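In: pasting the structure only:
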Ligand SMILES: Nc1nc2c(ncn2[C@@H]2O[C@H](COP(=O)(O)OP(=O)(O)OP(=O)(O)O)[C@@H](O)[C@H]2O)c(=O)[nH]1
């Protein structure tokens, strides 16, 4: 077996400088998944490696073709590449996808592309694949994946085909959110280490090192670098759900608000009605209260109230208090009724009541005793004073012209409540005095002694 040629130390390797998450050059250092894999492989195969930085994938391919660079850690095998590189076993698989703008339909691979313009990066295996197997597809050759995605986003191309993970990373990075994954894009990536032809003797050691990478190590590397975000096409389901729920809540709030307003309005109307009823009730109660104590025609206190008051007066009056009662009766009132009518009689009764009320003091109580008869309770009043009051009233009545220009006269009976005398008894005495006044010819005051 032929001995391997002496190995140059260190081996120069070059990478794609802008193909994250697979690999890139960041501040002069190799980064991405390939850097992790290459570190493991170099350790386990005992390789000494040195990065030869390039500016683009084309420069990397050129360097590999010319032998300036002897190894590239992560690339697909293709017919063309096999003319200048030897390849390790596959150590990473990744799907390729078609990317379109969101308004484009979904596509089932390259077969249904039709006359759409497909952007593909120069020197990528997919370009070689499409040109060989789908020669009718119109292609736009771009410098890199980034340029291809930008071209689709700007409408310069209809589709782009590339690796799912790097496409996703570029879209996120460049915020090309008018793009979507439109379908599967050709054969999946089968990524290998490529070495210059003179180094193919290293392949068994490289394959052994690759095979020694455990499942945990694979997962660890992938989880570290792949941050796949699914770019959905117009998947506004959640948005619509949120909008629908929000609208439903707003609608419920609106309905609730209207109901509350209607309810408040009804309540306000009912409250107004209640208030009006309460006011009517108060008026009616006040009227009833008034009627229970007053005579409706003359508006003076009635007999019932007067009886209550004289009993109260009897209970409360002190020994030295003087209380007098005056009873008066209109003379020949029947004639007035007969000659001038009952209505005229009513008016005269009311007018006489006014005369009485104006003649007495505030603390005296005037009541209609019945028919054309009236009583006056005079507090703290001597009998002589009560007599004078009766005379004064008699004078006022005599002077006055009543309804229809009629003249009147009244007869009076006056009595003073005696110590230990019952008020009813006193009233009887006053009535007796009135009878005497009538008997003596009317229009006079008689005092009970
Ligand atoms: N208009 C009117 N008349 C009444 C009312 N109450 C009683 N009378 C009348 O008062 C009159 C009282 O008549 P009488 O008892 O005969 O007494 P009088 O005619 O005044 O004669 P003397 O008292 O003896 O002076 C009757 O005709 C009753 O109808 C009333 O509320 N209104």
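Out: Arrived safely, thanks for sending. None of the values given here were measured: they were computed from a predicted structure. Numbers count the residues shown, from 1 in each chain.
In: which ones are touching the residue of the stretch 151-300 of the chain found nearest the ligand?
Out: Nearest residue of the stretch 151-300 of the chain to the ligand, counting by C-beta to the nearest ligand atom: residue 297, 5.9 Å away. To be clear about C-beta, it is placed using only N, CA and C from the backbone, and glycine gets the same treatment. Residue 297 is in contact with 346, 349-350, 368, counting by C-beta atoms under 8 Å, 6 or more residues apart in numbering.
In: turn those into a markdown table, columns for distance to the ligand.
Out: Formatted as a markdown table, those follow (distance: C-beta to the nearest ligand atom, whole Å):
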| residue | distance to the ligand |
| --- | --- |
| 346 | 5 |
| 349 | 6 |
| 350 | 10 |
| 368 | 9 |
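In: among these, which ones are buried?
Out: Among these, those classed as buried by 16 or more other C-beta atoms under 10 Å are 349-350, 368.
In: for the record, mean pLDDT for stretch 262-277?
Out: For stretch 262-277, mean pLDDT rounds to 92.
In: how about that stretch, which residues are buried there?
Out: For stretch 262-277, the buried set under the neighbour-count rule, 16+ other C-beta under 10 Å, is empty.
In: which residues touch it?
Out: Contacts of stretch 262-277 (C-beta under 8 Å, 6+ apart): none.
In: for stretch 373-381, same thing?
Out: Counting by C-beta under 8 Å, 6+ apart, residues outside stretch 373-381 touching it are 300, 306, 309-310, 313, 321-330, 352-353, 356, 360-361, 363-369, 385-386, 389, 427, 430.
In: next: stretch 202-222.
Out: Contacts for stretch 202-222 (C-beta under 8 Å, 6+ apart): 4, 7, 33, 36-37, 40-41, 43-47, 86-89, 91-92, 193, 195.
In: now these: which count as buried?
Out: By 16+ other C-beta under 10 Å, the contacts of stretch 202-222 give 33, 36-37, 40-41, 44-45, 47, 86-88, 91-92, 193, 195 as buried.
In: can you tell me which two in the residues you listed are farthest apart?
Out: Largest separation among those by C-beta to C-beta: 36 and 86, giving 22.4 Å.
In: what about the residue of the stretch 301-449 of the chain found nearest the ligand, how many neighbours?
Out: With C-beta to the nearest ligand atom, the shortest gap between the stretch 301-449 of the chain and the ligand falls at residue 345, namely 2.5 Å. Neighbourhood size, residue 345 [other C-beta atoms under 10 Å]: 21.
In: touching, it and residue 337? I think so.
Out: Yes - counting by C-beta atoms under 8 Å, residue 345 does reach residue 337; the two are 4.3 Å apart.
In: pretty sure residue 260 sits in a helix.
Out: Yes - counting by DSSP: H, G, I helix; E, B strand; the rest coil, residue 260 is found in a helix.
In: for residue 432, phi and psi?
Out: Per-residue torsions, residue 432: phi -60, psi -40 (degrees, to the nearest 10).
In: not counting sequence-adjacent ones, nearest residue to it?
Out: residue 448 (6.3 Å; C-beta to C-beta, 6 or more residues apart in numbering).
In: how confident is the prediction for that neighbour, by pLDDT?
Out: Reported pLDDT for residue 448: 96.
In: so the residue of the stretch 151-300 of the chain closest to the ligand: helix, strand or coil?
Out: The three-state label given to residue 297 by three-state DSSP is coil.
In: around the ligand, which positions in this structure sit nearby?
Out: Contact residues (C-beta under 6 Å from any ligand atom) of the chain with the ligand: 297, 329-334, 337, 342, 345-346, 349, 371-372, 438, 442.
In: using neighbour counts, trim these to the buried set.
Out: 329-331, 333, 337, 345, 349, 372, 438.
In: just to revisit the earlier point, touching, the residue nearest to residue 432 and residue 412? I think so.
Out: No - the criterion here is C-beta under 8 Å, and residue 448 misses it with residue 412 at 10.9 Å.
In: have a look at those two and say which one is more surrounded.
Out: residue 412 (26 against 20).
In: looks to me like the more buried one is in a helix.
Out: No - Residue 412 sits outside any helix when classified using three-state DSSP, being strand.
In: how far away is it from residue 434?
Out: 7 Å (C-beta to C-beta, to the nearest Å).
In: common neighbours of the two, please.
Out: Both residue 412 and residue 434 are in contact with 327-328, 446, where contact means C-beta under 8 Å, 6+ apart.
In: among those residues, name the ones in strands.
Out: If you go by DSSP state E, the shared contacts of residue 412 and residue 434 have 327-328, 446 in strands.
In: nearest residue to residue 411 other than its sequence neighbours?
Out: Here the residue nearest residue 411, using C-beta to C-beta, 6+ apart, is residue 437, at 3.9 Å.
In: hey, where'd the strands end up in the stretch 151-300 of the chain?
Out: In the stretch 151-300 of the chain, the strands defined using DSSP state E, counting those that start in this stretch lie at 159-163, 179-184, 189-195.
In: residue 100 belongs to a strand?
Out: Yes - assessed by three-state DSSP, residue 100 belongs to a strand.
In: give me the beta-bridge partners of it?
Out: With DSSP bridges as the criterion, residue 100 is bridged to residue 180.
In: which residues are in contact with residue 411?
Out: 328-329, 331, 434, 437-438, 442-446.
In: let me know the pLDDT of the most centrally placed residue in the chain.
Out: Closest to where the C-alpha atoms of the chain average out (C-alpha atoms, centre = their mean) is residue 253, at 6.5 Å. Note on residue 253: pLDDT of 89.
In: so residue 442 makes contact with residue 409?
Out: Yes - under the criterion of C-beta under 8 Å, residue 442 makes contact with residue 409 at 6.2 Å.
In: no more questions from me, cheers.
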